[in-house]
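J.: Kindly generate the corresponding structure for this input.
(chains A and B)
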Amino acid sequence: MTIEQQTSTAWGDRVVDADGFSIRVDVRGSGAPVIALHGAGGPHWTTGWEGLTEHATVYAVELPGFGPTTNEVTTSAEDMGRTVLALADALGLDEFALLGTSMGGVVASWAAVHGGERVTRLVLEAPAAFRPDRNPADMTPEELGRAFHAHPERKTLTPPDPAQRARTWPLVEKLVGPLHDAALETALAGVMTPTLVLCGQLDGLFGTEPGAAYRRVMPSCSFAIVYDAAHDISGDRPEAFAAVVSDFLRRGMVYAVQNTSTLLHP
Amino acid sequence: MKFSAFHPFPNYDVDAPTWPNPPRLSRVPGLAQDGIRKAIAFAQRAEEVGVDQISVAEHHYSAKQLSPNSVIAAVMVAQATTTIDIGLLGSTLPLVNPVRLAEEIGMLDAVATGRLMVGFFRGTPNEYLTYGTNPWESKDVFYEQVELIRTIWREPEPFAWVGRHFDYRTVAVWPQPGAPIPMLVSATSPASAEYAGRQGFIAGFAFAPPPVIKGLADVYRETAAAAGHEVGPDDMLYRAFGLIADTDEAAAELQARTQYGNFMKLDHAMGGTAAASARVIAAMNGVPEDAPLPEGRRPLPDRPLFLGGPETVARQIADFIQLTGVGRIELTLSDDTLPYPEATRSLELYGEKVIPLVKEMVGASVGA
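T.: Sure, this is the predicted structure:
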C-alpha cells in the first residue's frame, strides 16, 4: 500500500515481549511518551516523526508481522489495538499518547477505544478508517506516487520489496478493515480522548474524508488539513507536522487557542 | 457570449494628486456619498440597458476607486438590482484574510445567489503598499489562499488549516454559498494562464493587445484540455477600456478632451511611489530584492482599445472575439476623468446598440 518502505530486518533498539509477541521498538527523544504506529509499508521514521522527538519520547513500534516473522494470529485492528495496550504495559507506561499513520491510525483508534484514560492524546496521520472507495491497484505508478508524495525531493524513497509486501498484505487487509467500520464509528463516539486527525490536502488515496468523519463522530476531535501534503504528511511537510502535533500533544484541544505574538516592537 | 461593464466606483470632480490620495480630499461633505450613489445608479442603468454583468474590484487609498472592500461594493450593487450578474473581479487575495473573505462572499452570495462570479487576483503593484504586504511571497500566498477558500466551500466539518503561510486551528465558515460560485483568476501571463487552465478556473485577461490575448488564450485552452477540463469561450473574460459616443468623431473628441483610458497618465499618477511600485512588479515576478531594475518607463496605450461610435466599437469587439475566442467582454466605461453623463451615455450605447450588433456580427461562430 506504500511505495516507501524501510527494510525491516534491523528495526528497533528494544525487543519487548507482549501479548504473545516479541515486539521491536525504536525509542528516540525525550519527554512525555508517544507510542507511534506505522502504516502498511512497515516501520519508518519520517522527518516529521523525528521532529516530534524534540519534545517527546517516541516509541516507534514494529507491529507484529511487519518484521521478519509472519503474524497469522492477529485478526483485526481491534485485536492489534489490544496488543499495543499490552505493549504499553510491558514498557511500563501508565499514560501515553498514541500516534498512528494510515493503517496504524486504525490500530491506534481501536487502542484508544480500549485504552480509556491511559491514552492522553490520539493523533492520526491520514488514517485508513472511514476512507473513500479508491483502490490503489487501479492507479498508475505515477498516480500512486503523487497520491503518496507531494514532495518526493524532501525524502529518500525506497522502492517496496515485493516479497515483503506479499507476505504482509493479508495482515494489512485485516488491519485496515472495511471502508467504513460501523463498529469503530460507534465505539469512537464514546472516546473522550483529545484527538487530532491530520489529512493531506493532496492525499490521492483517502482525500480529507477520514478527517471529516472522525470530526463528526468523536466528541473531542480536531481535524486538520495539511496544505501541500499528500498521503505522507509527515514526510511532505515535516516542520508543520512536528509543530502542530507537538503543540497538540502539549496542550490538547486548547491548541486551538493560538498564542503566537504579533508584537513587533515594544 | 456575455457582456459586462466594470465599474471602479470613482469619485467625480476630485483633482487628486498622485497615489496614495490625501484623505483630506475625501472629507468634502457629500463627496463619497455622491460617488457611491452614482456607482449604484450606473449598475441599475447597466441592468436596464441589457448588460449581462456589472463588475467591481478591490482598490485602496484612491479617489478613483471607492471600493477598498469589493464585497461591500458588490453587496451594494446586488441589493440595488435584481437580475444582472455581479462580478467580484476581484479580491486582492494576498492583502486579505482569506477566511474573512470567504465569510464576506458567503454573505454577498446570500443576496445574489446564482448571479455571482468571484475573481481572485494578486493585485496591482501599488496595492502592496496598502497594508505592507510582502510581494516576493505573494504568489505562494495566493495559491494557498485560493486552495483554502476552495476547501472552505467544500469541507463538511470544521477543520484546522496547516498551511505554509496560514495557520488556522478552527475554520467553519457561515454562510456557505447557495450554489457553486464560478471562480476566475488572472491569466495575464503565460504562467498564470497555465495555472488557470490546470485548475479549471475562468481565465481573466486584461488590457493587453488582442494578439497577446490570443496567445494567452491558447495557453489556457491547451493547459485546461491537458488537465481534463472542458473550457469554452465563456470561460474566458477580457477587460479593457471602452468609450462609446454617438459618433466616432464625438468619441475621439471626448477622449482627447478627458484623456479617458490613457494608461500613460495612470502610470504617472503613481508619483513618488513609482519606484516602490516598480520594485513590487519585479518582486511579484520573482526578481530578488537586490537585483537592479531596468531604467525608463514601458510604453503603454494612450487611449481605450474599444473607442468610437456604436458600429465601430461593435466591429472592434467582434474582431477581438473572432481572433481570440474569448467569449466574455468586460468594458471599463467610467473613471474619475470621464464626466458621469458621458460615462452613462457610453454605457447606454454599449447595452442598447453595441452588444446586439456584436451578437449579430459574431453570430454562431463563437459559442453562445
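J.: what about B:Met183, how many residues close to it?
T.: Residues within reach of B:Met183, counting by other Cβ atoms under 10 Å in any protein chain shown, total 20. Bear in mind the C-beta positions are built from the backbone N, C-alpha and C, glycine included.
J.: Grab the nearest non-local neighbour of it.
T.: What sits nearest to B:Met183 in space, not counting adjacent residues and going by Cβ to Cβ, 6 or more residues apart in numbering or on different chains, is B:Phe201, at 5.2 Å.
J.: what does B:Gln176 give?
T.: B:Gly106 (5.9 Å).
J.: and the next element down the chain from the helix or strand containing the one you found?
T.: Assessed by DSSP states H and E, B:Gly106 sits inside helix B:98-111. Once the chain leaves helix B:98-111, the next helix or strand it forms, by DSSP H and E, is strand B:116-121.
J.: I would like the residues contacting that next one, please.
T.: If you take Cβ atoms under 8 Å, 6 or more residues apart in numbering or on different chains as the criterion, strand B:116-121 is touched by B:53, B:55, B:57-58, B:74, B:85-93, B:105, B:108-109, B:142, B:145-146, B:149, B:177, B:181-186, B:202, B:204.
J.: Please apply the same query to stretch B:100-109.
T.: B:69, B:71-72, B:74-75, B:78, B:86, B:88, B:91, B:93, B:116, B:118, B:149, B:152-153, B:173-179, B:181.
J.: Just the ones of those in helices?
T.: The helices in this structure, assigned by DSSP state H, contain B:Val71, B:Ile72, B:Ala74, B:Val75, B:Ala78, B:Ile149, B:Ile152 from these.
J.: nearest residue to the fourth one other than its sequence neighbours?
T.: Of all residues not flanking B:Val75 in the chain, B:Leu108 sits nearest, at 5.3 Å (Cβ to Cβ, 6+ apart).
J.: okay, that neighbour: pLDDT?
T.: pLDDT for B:Leu108: 98.
J.: quick one: low-confidence parts of the chain?
T.: I went with chain A, as the question did not name one. A:1-10 (pLDDT under 70).
J.: hm, I was asking about chain B
T.: Flagging of chain B using pLDDT under 70 yields the residue ranges B:297, B:364-368.
J.: ok, now with 80
T.: For chain B, the stretches with pLDDT under 80 are B:17, B:265-271, B:295-299, B:364-368.
J.: got the residues of it near chain A?
T.: B:144, B:147-148, B:151, B:155-164, B:166-167, B:169-170 (Cβ under 8 Å from any Cβ of the partner chain).
J.: If we use 7 Å, what do you get?
T.: The interface of chain B toward chain A, taken as Cβ under 7 Å from any Cβ of the partner chain, is made up of B:144, B:147, B:151, B:155-164, B:169-170.
J.: buried subset of those?
T.: Among the residues of chain B next to chain A, those scoring as buried are B:144, B:147, B:151, B:155, B:157-164, B:169 (criterion: 16 or more other Cβ atoms under 10 Å in any protein chain shown).
J.: Pull the most distant pair out of those residues.
T.: B:Glu157 and B:Arg164 (22.6 Å; Cβ to Cβ).
J.: centroid residue for chain B?
T.: Computing the C-alpha centroid of chain B and ranking residues by Cα atoms, centre = their mean puts B:Leu89 first, at 4.2 Å.
J.: For that one, which non-adjacent residue is spatially closest?
T.: Per Cβ to Cβ, 6+ apart, closest to B:Leu89 is B:Gly119, 3.8 Å.
J.: State the distance from that neighbour to B:Val173.
T.: Distance, B:Gly119 to B:Val173, using Cβ to Cβ, to the nearest Å: 19 Å.
J.: Pick out whichever of those two has more residues nearby.
T.: Neighbour comparison, B:Gly119 and B:Val173: the larger count goes to B:Gly119, with 24 against 19 (by other Cβ under 10 Å).
J.: Which stretches in chain A count as strands?
T.: For chain A, strands defined by DSSP state E occupy the ranges A:14-18, A:21-28, A:32-37, A:56-62, A:96-101, A:119-125, A:195-200, A:221-226.
J.: so can I have TSV of these showing mean neighbour count and distance to chain B?
T.: Shown next, in TSV, are these (neighbours: other Cβ atoms under 10 Å in any protein chain shown; distance: least, Cβ to the nearest Cβ, whole Å):
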stretch	mean neighbour count	distance to chain B
strand A:14-18	15	32
strand A:21-28	18	23
strand A:32-37	24	19
strand A:56-62	24	18
strand A:96-101	28	16
strand A:119-125	26	12
strand A:195-200	29	7
strand A:221-226	26	4
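J.: and those strands as JSON lines, adding distance to A:Gly211?
T.: Output for the strands of chain A, formatted as JSON lines (distance: least, Cβ to Cβ, whole Å):
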{"stretch": "strand A:14-18", "distance to A:Gly211": "30"}
{"stretch": "strand A:21-28", "distance to A:Gly211": "27"}
{"stretch": "strand A:32-37", "distance to A:Gly211": "18"}
{"stretch": "strand A:56-62", "distance to A:Gly211": "22"}
{"stretch": "strand A:96-101", "distance to A:Gly211": "13"}
{"stretch": "strand A:119-125", "distance to A:Gly211": "8"}
{"stretch": "strand A:195-200", "distance to A:Gly211": "4"}
{"stretch": "strand A:221-226", "distance to A:Gly211": "4"}
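J.: ok, which stretches of the stretch 101-250 of chain A are helices?
T.: Secondary structure of the stretch 101-250 of chain A (DSSP state H, counting those that start in this stretch): helices located at A:103-115, A:141-148, A:162-176, A:182-188, A:209-217, A:233-236, A:238-251.
J.: of all these, which lies closest to chain B?
T.: helix A:209-217 (4.1 Å; Cβ to the nearest Cβ).
J.: who does the closest one touch, helix- and strand-wise?
T.: Packing partners of helix A:209-217 (3 or more Cβ pairs under 7 Å, 6 or more residues apart in numbering or on different chains; DSSP states H and E): strand A:195-200, strand A:221-226.
J.: first to last residue in stretch A:34-53, what's the distance?
T.: With Cα to Cα, to the nearest Å as the measure, stretch A:34-53 spans 9 Å from end to end.
J.: Give me the distance from that stretch to the chain's centre.
T.: Centroid separation for stretch A:34-53 versus its chain: 7 Å, with Cα atoms, centre = their mean, to the nearest Å.
J.: one step back: which ones are touching the residue nearest to the centre of chain B?
T.: Going by Cβ atoms under 7 Å, 6 or more residues apart in numbering or on different chains, B:Leu89 touches B:Ser55, B:Ala57, B:Met117, B:Gly119, B:Leu184, B:Gly204.
J.: can you do 8 Å?
T.: By Cβ under 8 Å, 6+ apart, the residues touching B:Leu89 are B:6, B:55-57, B:117-119, B:121, B:184, B:204, B:237, B:239, B:330.
J.: Export these to JSON lines and append columns for distance to A:Cys199.
T.: Shown next, in JSON lines, are the contacts of B:Leu89 (distance: Cβ to Cβ, whole Å):
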{"residue": "B:Phe6", "distance to A:Cys199": "39"}
{"residue": "B:Ser55", "distance to A:Cys199": "36"}
{"residue": "B:Val56", "distance to A:Cys199": "36"}
{"residue": "B:Ala57", "distance to A:Cys199": "35"}
{"residue": "B:Met117", "distance to A:Cys199": "30"}
{"residue": "B:Val118", "distance to A:Cys199": "26"}
{"residue": "B:Gly119", "distance to A:Cys199": "29"}
{"residue": "B:Phe121", "distance to A:Cys199": "29"}
{"residue": "B:Leu184", "distance to A:Cys199": "28"}
{"residue": "B:Gly204", "distance to A:Cys199": "31"}
{"residue": "B:Leu237", "distance to A:Cys199": "34"}
{"residue": "B:Arg239", "distance to A:Cys199": "38"}
{"residue": "B:Glu330", "distance to A:Cys199": "38"}
